[in-house]
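> One predicted model, sequence on top.
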Amino acid sequence: MKLLVTGGAGFIGSNFVRLILNKYPDYEVINLDALTYAGNLDNLKDVEKNENYRFVHGDIRDEDVVDKVMKGVDAVVNFAAESHVDRSIGGPADFIQTDVYGTFVLLEAARQHGVGRYLQISTDEVYGSIKEGSFVETDRLEPSSPYSASKAGGDMQVMAYHTTYGLPTIITRSSNNFGPYQYPEKIIPLFITNLVEGKKVPLYGDGLNVRDWVYVTDNCEGLDAVLHKGEVGEIYNIGGGNERSNIFITNKILEMLGKGEDMIEPVADRLGHDFRYSIDCSKANALGWTPAHNFEDAIKETVDWYLNNEWWWKKIKSGEFEAYYKSQYDKKA
Ligand code: NAD
Ligand code: TDX
């Protein structure tokens, strides 16, 4: 099987590329990535010499590049996206460009080349917030942020390409991922690395917002199950079954690093901040997939990874990242 993975130099994409190359030694993987601030070839250092792996530096919005890499491809897995909610609030344009228009360019090329399967990596955020219960795949989309609205726009096009042209598409909507190689702007790696650097952790609002956490390799196993066993035209939720408030996550990280609550810096709430995400994953479970990690072990593995891999995150945090987050610290509640 020849796989085109887009956005494979990011957090989840790189974990997925690694999983596929290790699990299926006869698969060929092409990784098309624009290397935005979030794309990092350090994420794939251990597989870059694998003869079944090829990196192509290019943008999913570029029709010519996409047309070239799509030749002879059996399946496309699209991770490429602008992925950070706070950045989307600061400036939505790139999100619309990549998450909506970029998805269209990929779908159109997949249609022209008769690709056998197109997997769109989406998010539980497209459903919006839910006070009680959990979303199923047929629930209406009610995105709150420019990020989730752009992802919903991508999903809608994927569904239309299936209905109109019969493109064999599948969508996955996963909950919050955590684990190795996550860019230190998302809450878990940001808080771990800040504390290691002796900095405080900026907790938004009252810290009571709830997210469902899935360990990244569990999500990647779920994506593998959907890619090989999922039904075309369908949508699959992939969650960890670990709903935790932000204050719980914060206290857990503080405790693991031997720090006190004085290291919490309360800051103004995120605009349009969704209170709770929750998804029902019975459909993915019916494919034989369930998460292998429990939250306690996975968060420990994650903290240990950041402690043991300062080479990876220190260079990221010393660059433009710092200037960006300075503005967040200045927003004290
Ligand atoms: P990430 O920001 O770490 O990585 C995104 C990757 O896409 C980067 O390598 C970047 O260089 C690349 N990219 C961005 N724009 C591109 C473009 N125009 N052309 C080519 N490449 C481009 O994101 P992530 O956390 O790994 O998320 C991957 C996917 O999973 C995204 O689609 C995101 O919406 C979705 N998702 C993420 C989470 C999560 O918790 N991180 C949860 C659910 C869904
Ligand atoms: O500094 C922070 N302080 C804080 O309190 C940051 C960065 C976040 N938060 C809160 C906001 C959220 O309630 O923590 C929660 C998690 O925030 P993020 O790590 O930014 O993730 P989230 O907004 O939930 O979105 C993530 O999960 C779904 C990914 O970034 C998305 O790409 C994915 O679709």
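Everything's here; your move. Please read these numbers as outputs of a predicted model, since none were measured by experiment. Ligands and ions are numbered 1, 2, ... in the order given.

> is stretch 302-321 anywhere near ligand 1?
No: Stretch 302-321 stays clear of ligand 1 (CB under 6 Å from any ligand atom), getting no nearer than 11.2 Å. Placement of C-beta: from N, CA and C, glycine included.

> what sits up against stretch 253-265?
The contact list for stretch 253-265 (CB atoms under 8 Å, 6 or more residues apart in numbering) reads 188, 191-192, 195-196, 200-203, 207, 250-251, 299-300, 303, 329, 332.

> what's the first-to-last distance across it?
Start and end residues of stretch 253-265 are separated by 14 Å (CA to CA, to the nearest Å).

> Give me the mean pLDDT for it.
Averaged over stretch 253-265, pLDDT sits at 98.

> What's the local residue count around the closest residue to ligand 2 within the stretch 201-333 of the chain?
Sorted by distance to ligand 2 under CB to the nearest ligand atom, the residues of the stretch 201-333 of the chain start with Tyr204, at 3.5 Å. Neighbourhood size, Tyr204 [other CB atoms under 10 Å]: 18.

> What of Trp311?
Using other CB under 10 Å, Trp311 has 8 other residues around it.

> Contacts only, for it.
Counting by CB under 8 Å, 6+ apart, Trp311 has no contacts.

> Now do the buried residues in whichever strand or helix holds it.
Using DSSP states H and E, Trp311 sits in helix 310-317. The neighbour-count check on helix 310-317 (16 or more other CB atoms under 10 Å) flags Trp312, Trp313, Ile316, Lys317 as buried.

> Which single one of those residues is nearest to Asn40?
Of all the buried residues of helix 310-317, Asn40 sits closest to Ile316, with 7.3 Å by CB to CB.

> Kindly report the residues of the stretch 201-333 of the chain close to ligand 2.
Pro202, Leu203, Tyr204, Asn209, Arg211, Asn246, Arg270.

> quick one: average confidence on stretch 229-245?
In this model, stretch 229-245 has a mean pLDDT of 98.

> likewise stretch 62-82?
Averaged across stretch 62-82, pLDDT comes to 98.

> Just the buried subset of the contacts of stretch 253-265, written out for PyMOL, thanks.
Applying 16+ other CB under 10 Å to the contacts of stretch 253-265, the buried members can be selected in PyMOL as follows:
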select buried, resi 188+191+192+195+196+200+201+202+203+207+250+299+303
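
> Quick one: residues in contact with stretch 194-207.
Stretch 194-207 is contacted from outside by 190-191, 245-247, 250, 253-254, 257, 259, 263-270, 273, 306-307, 310, 317, 325, 328-329, 333, using CB under 8 Å, 6+ apart.

> how long is it from one end to the other?
Stretch 194-207 has an end-to-end distance of 17 Å (CA to CA).

> next one: stretch 28-48
End-to-end distance for stretch 28-48: 13 Å, by CA to CA.

> cool, stretch 162-172 as well?
The first residue of stretch 162-172 is 15 Å away from its last residue (CA to CA).

> That stretch: which residues count as buried?
Residues of stretch 162-172 classed as buried: His162, Leu167, Pro168, Thr169, Ile170, Ile171, Thr172 (neighbour count, 16+ other CB under 10 Å).
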